[in-house]
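1. Sequence first, then the predicted structure:
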Amino acid sequence: MKVVKSVIDTFSQKVFINCPFDPEYRPMLLATIFAVQYLGLIPMLALDSQDSGEVRFHKIVDLISTCQYGIHDLSRCTAEEKGEFFRLNMPLELGLDLGARYFGSDQLRKKKCLIMETERYRYQKAISDIGGSDIKAHKNSPDEVIRIIRDWLVTDAKPRWCPPASEILARYFDFLADEHDRIVKLVWQPNEVARIQVPEFKRNAGAWIRRNYTIIANKGSLPVGIKIKGSPGLVHSPYDTTGRVDVKGIPKGTKVECPYTGGHFLVPSQRPVPTSRSPNGSAVAAPRPSIFPNFPLATPAAPLRFRALFSASLISVGAPCEIKLMTHSRFGISLKRNFVSGAEHRLGGNVGNN
Amino acid sequence: MARKSFHIFPNSQGAWVVRATGSVRAAKVCQSESEAIAHVRSKSAEPIYIHRRDGLIARKEMVRASIPAR
């Protein structure tokens, strides 16, 4: 079965991180990963897979070809001590990324990159050919790394959620505190704390952001399901293109979960599909989707502000839905998913603020 | 992130910033780490996470429950 769109849909979500992996750089690498995830994008590193049977260069080429954005740090291009060799991995991968941009397919021509260094013009002594590029100096400070990445992604990637750098830094510190407590509870040795693997950190940070800031996680742009020609109402998941996903009756743009991988994607536009037929054989229109808030919305217990915001959310979404209030329900704030585009995360945000 | 706690970390000017978990703005800017800890302790007995200059956590300060005298 030929699938074309699966790579294209996640291409614009991925950020290739080409940074040193030495212990001195580790705090800045962790800050970079967190900042990218907090802005709703997916950081991709060569460390994501440590399969010894895979050639690292091939892995890097695959990563570069599947990521629209790239962050390159050239700060380890100088030897610190006499006799020490400087690292050439980062310039090599930067060259690959720039080469893909100039010689690659139409999709790869959309690639954008950020180049960072410790000091402002130091790189020119080693790589003067990129002297005309806009290179940022991070001064070996995680605060500065977060600020630079935020400013770049907000300008070039245009995420739907653009918090200030101070907020990303504050949330990064909150996450580190929670991670510290989690590790202490696991009775790890102090020297093992520093050995948490980068993919493990990335996975934990992503889960923490989704758990504590669902509004932010949902505001990041998501990949779109792949329509199947000749099968209206059925799409391929962008994460797993082998199986089909039934999205009949779900409005365009609704966030749904892939039943195969658990990943989230948006429903593509589709023609209205009749779901049943009348006794005389004519098509019957699909039933209008309904939304069932599982909380006592119409009772005095629901704050007025919340009710007003909920109504405003539905109006702004503009989805063809009818609202059914289930005043007897006591299941908290969970909502029947996949019915109204965007209503889910707006609802969660409003409840959280009350 | 359910528990209330505080973070103390050095800023780019070398001062020590006190910030409550969950907030963005600094609660207090002090000249030294000990002064920042004393400021938090004068207000609250909640845990304090002290960060290194690179942002990672150096240690966590808890108030130990006093042993009752016999």
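-> Looks like it came in fine.

2. if you look at the host helix or strand of A:Pro27, does any of it touch chain B?
-> Using DSSP states H and E, A:Pro27 sits in helix A:26-38. Yes - judged by C-beta under 8 Å from any C-beta of the partner chain, helix A:26-38 and chain B are in contact via A:Pro27, A:Met28, A:Leu30, A:Ala31. Glycine gets a C-beta too; all of them are placed from N, C-alpha and C.

3. Out of those, flag the one nearest to A:Phe173.
-> A:Ala31 (10.1 Å; C-beta to C-beta).

4. tell me, how many neighbours does that closest one end up with?
-> Residues near A:Ala31, counting by other C-beta atoms under 10 Å in any protein chain shown, number 25.

5. same thing with A:Tyr38?
-> 28.

6. That one and chain B, how far apart?
-> Distance of A:Tyr38 to chain B, computed by C-beta to the nearest C-beta, to the nearest Å: 13 Å.

7. need the contact list for that residue.
-> Neighbour list for A:Tyr38: A:Pro163, A:Ile168, A:Arg171, A:Tyr172, A:Ile209, A:Tyr213, A:Ile216 [criterion: C-beta atoms under 8 Å, 6 or more residues apart in numbering or on different chains].

8. So the first one: helix, strand or coil?
-> Here A:Pro163 takes the coil state, with states given by DSSP: H, G, I helix; E, B strand; the rest coil.

9. same check, this time on the one 5 residues further on
-> At A:Ile168 the chain is in helix, as set by three-state DSSP.

10. which stretches of the stretch 251-354 of chain A aren't confidently modelled?
-> Within the stretch 251-354 of chain A, the stretches with pLDDT under 70 are A:255, A:270-354.

11. Return the residues of chain A in contact with chain B.
-> Listed as neighbours of chain B in chain A under the rule C-beta under 8 Å from any C-beta: A:27-28, A:30-31, A:141-143, A:164, A:166-167, A:169-170, A:172-174, A:176-178, A:180-181, A:184, A:212.

12. What subset of those is buried?
-> Buried positions within these, assessed by neighbour count (16 or more other C-beta atoms under 10 Å in any protein chain shown), are A:27-28, A:30-31, A:141-143, A:166-167, A:169-170, A:172-174, A:176-178, A:180-181, A:212.

13. show me where the chain has strands.
-> Looking at chain A here, since you left the chain open. For chain A, strands defined by DSSP state E occupy the ranges A:14-18, A:42-44, A:69-73, A:112-117, A:136-137, A:226-227, A:234-236, A:244-246, A:255-257, A:264-266, A:276-277, A:283-284, A:290-291, A:322-323.

14. my question was about chain B
-> B:6-10, B:16-20, B:28-30, B:48-51, B:57-61.

15. Switch these over to TSV; also include mean pLDDT, distance to chain A and mean neighbour count.
-> Shown next, in TSV, are the strands of chain B (pLDDT from 0 to 100; distance: least, C-beta to the nearest C-beta, whole Å; neighbours: other C-beta atoms under 10 Å in any protein chain shown):
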stretch	mean pLDDT	distance to chain A	mean neighbour count
strand B:6-10	95	5	23
strand B:16-20	95	7	20
strand B:28-30	94	14	16
strand B:48-51	94	4	21
strand B:57-61	89	5	15
